[in-house]
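Colleague: return a 3D structure for these sequence lines:
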Amino acid sequence: MGLDDTDAALAKQGRTVALVIAGSMLIWILAPWLGPKLGMPGRFALLIDFAVLAALVWSMVVTYQIWRKRQKTKG
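Modeller: This is a model prediction of the structure:
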């Protein structure tokens, strides 16, 4: 219940951050190609850019929190 649980929780958070970063980058890369094929207006490109930016800001905040928690457990 001590250090092992903390490490497991931090590892789970790290995996979540990695999936968010990978997913948002994949969406960001595919959106300009897929948008016109689906007939989406150009204004949705800006909306997708803002959503990806928000996901990346969130991932940076969570990564910083993980780093701080690891520093705290080291001693």
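
Colleague: give me the helices and strands touching the helix or strand hosting Lys12, please.
Modeller: For Lys12, the host element (DSSP states H and E) is helix 3-38. In this structure, helix 3-38 makes packing contacts with helix 43-74, judged by 3 or more C-beta pairs under 8 Å, 6 or more residues apart in numbering; DSSP states H and E. Glycine gets a C-beta too; all of them are placed from N, C-alpha and C.

Colleague: buried sites along the helix it packs on?
Modeller: Across helix 43-74, burial judged by 16 or more other C-beta atoms under 10 Å covers 48, 52, 55, 59, 66.

Colleague: since we're on the nearest residue to Gln65 once chain neighbours are set aside, how many residues are nearby?
Modeller: Spatially, and ignoring its direct neighbours in sequence, Gln65 is nearest to Gln13 (7.8 Å; C-beta to C-beta, 6 or more residues apart in numbering). Number of residues near Gln13 (other C-beta atoms under 10 Å) recorded here: 15.

Colleague: return the residues in contact with Gln13.
Modeller: Taking C-beta atoms under 8 Å, 6 or more residues apart in numbering, we find Gln13 in contact with 62, 65-66.

Colleague: can you list the residues you listed in TSV and add distance to Lys72 and pLDDT?
Modeller: As requested, the contacts of Gln13 are arranged in TSV below (distance: C-beta to C-beta, whole Å; pLDDT from 0 to 100):
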residue	distance to Lys72	pLDDT
Val62	15	97
Gln65	11	96
Ile66	11	95
